[in-house]
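Sharing a model prediction with you, sequence too.
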Amino acid sequence: MNDREIVNLYWQRSEQAITETEQKYGRYCHIIAYNILENSEDSEECVNDTWMSAWNAMPDKRPDRLGPFLR
């Protein structure tokens, strides 16, 4: 699924948006978090907070590219 489709799911308030975000960007976000925190559990919590932040930021914001938006 491309970023535009995922963002549309956020705007529709579909929980599938989180699933699709995790599927497309989960590994990427986990690696970044782990490189900073060096702890798996803390990294997992940080990534979950990222998904929640994305959920709360949309629909007010509509990013063209989701990857940079998640950072």
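Happy to help now that I have it. Residues are numbered from 1 along each chain as shown.

All the helices of this protein, residue numbers only.
For the chain, the helices defined by DSSP state H occupy 3-11, 16-37, 40-57, 66-70.

tell me the angle the second one makes with helix 40-57.
Put simply, helix 16-37 runs at 140 degrees to helix 40-57, going by axes from the mean of the first three to the mean of the last three Cα atoms, to 10 degrees.

Check which residues of helix 16-37 are buried.
By neighbour count on 16 or more other Cβ atoms under 10 Å, the buried set for helix 16-37 is 17, 18, 20, 21, 24, 25, 29, 30, 32, 33, 34. C-betas here are computed from N, CA, C, even on glycine.

Check the first one too.
Buried residues in helix 3-11, counted by 16+ other Cβ under 10 Å: 3, 6, 7, 8, 9, 10.

JSON lines for the buried residues of helix 16-37, including pLDDT and distance to residue 64?
Shown next, in JSON lines, are those (pLDDT from 0 to 100; distance: Cβ to Cβ, whole Å):
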{"residue": "17", "pLDDT": "97", "distance to residue 64": "16"}
{"residue": "18", "pLDDT": "97", "distance to residue 64": "20"}
{"residue": "20", "pLDDT": "98", "distance to residue 64": "16"}
{"residue": "21", "pLDDT": "98", "distance to residue 64": "15"}
{"residue": "24", "pLDDT": "97", "distance to residue 64": "15"}
{"residue": "25", "pLDDT": "97", "distance to residue 64": "15"}
{"residue": "29", "pLDDT": "96", "distance to residue 64": "19"}
{"residue": "30", "pLDDT": "97", "distance to residue 64": "24"}
{"residue": "32", "pLDDT": "95", "distance to residue 64": "20"}
{"residue": "33", "pLDDT": "97", "distance to residue 64": "24"}
{"residue": "34", "pLDDT": "98", "distance to residue 64": "27"}
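
related to what we said a few turns ago, with the buried residues of helix 3-11 in mind, which one is nearest to residue 63?
Taking Cβ to Cβ as the measure, residue 7 is the one of the buried residues of helix 3-11 closest to residue 63, at 6.3 Å.

The closest one contacts residue 62, doesn't it?
Yes. Residue 7 lies in contact with residue 62 (Cβ atoms under 8 Å); the separation is 6.1 Å.
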